[in-house]
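> Model the structure of this input:
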Amino acid sequence: MDIISQRNITLPEVKEIIKQRKKEKSEFGLEHEQTEAYVESFSKLTVAKAKAMMKQLEEMGIESQYASQIVDLLPRSVSVIKLIFEKASKKPTEKEVNAIMDLVKEYSK
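Residues are numbered from 1 along each chain as shown. Next comes the predicted model:
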């Protein structure tokens, strides 16, 4: 199998892909079943909300790898947001962290 493209995706998007693949294939391996159980347990947003939130985070200048983690985790504290960016070359300012927190609160409703 060749890799056609590569991008960061959120858990709700993984959930959607698994559902599509499940319809296409009659056999569903153990890895797929475990992944499906994981995303069912931890996916907190709909695909539409996750994509909208990703877009807003990326418009704020946040790289997709960190934006997808924020969408998946919906961190409830500044310290968790700072942990997400721990290894980032460009860390968000305090103002950006507060903007991220506001966005998380908006989408967590």
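> State the distance from Gln65 to Val78.
Distance of Gln65 to Val78, given as Cβ to Cβ, to the nearest Å: 20 Å. Backbone N, C-alpha and C define where each C-beta goes, glycine included.
> just for this protein, where's the confidence low?
1, 26 (pLDDT under 70).
> where along it do the strands fall?
When secondary structure is read from DSSP state E, the chain shows no strands.
> Could you chop this protein up by domain?
11-42, 47-108 (automatic domain parsing).
> could the ones you listed go into JSON lines alongside distance to Ser5 and mean neighbour count?
Shown next, in JSON lines, are these (distance: least, Cβ to Cβ, whole Å; neighbours: other Cβ atoms under 10 Å):
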{"stretch": "domain 11-42", "distance to Ser5": "13", "mean neighbour count": "13"}
{"stretch": "domain 47-108", "distance to Ser5": "13", "mean neighbour count": "15"}
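> Would you mind confirming that Asn8 makes contact with Ser64?
Yes - taking contacts as Cβ atoms under 8 Å, Asn8 lies within contact range of Ser64: 4.4 Å.
> which residues in this protein form helices?
11-24, 30-42, 47-59, 64-73, 78-84, 94-108 (DSSP state H).
> is it possible to export these to a markdown table including distance to Ile3?
A markdown table is the format used below for these (distance: least, Cβ to Cβ, whole Å):
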| stretch | distance to Ile3 |
| --- | --- |
| helix 11-24 | 15 |
| helix 30-42 | 18 |
| helix 47-59 | 21 |
| helix 64-73 | 17 |
| helix 78-84 | 26 |
| helix 94-108 | 30 |
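> which non-adjacent residue is nearest Gln56?
Leu103 (6.0 Å; Cβ to Cβ, 6 or more residues apart in numbering).
> ok, that neighbour - contacts?
Leu103 makes contact with 53, 56-57, 60, according to Cβ atoms under 8 Å, 6 or more residues apart in numbering.
> Equivalent analysis for Glu40, please.
Lys15.
> try the one 10 residues further on
Shown in contact with Ala50 (Cβ under 8 Å, 6+ apart): 10-13, 71.
> quick revisit: out of the domains of the chain, nearest to Asp2?
domain 11-42 (17.3 Å; Cβ to Cβ).
> Quick one: end-to-end distance for the closest one.
Start-to-end span of domain 11-42 (Cα to Cα, to the nearest Å) is 8 Å.
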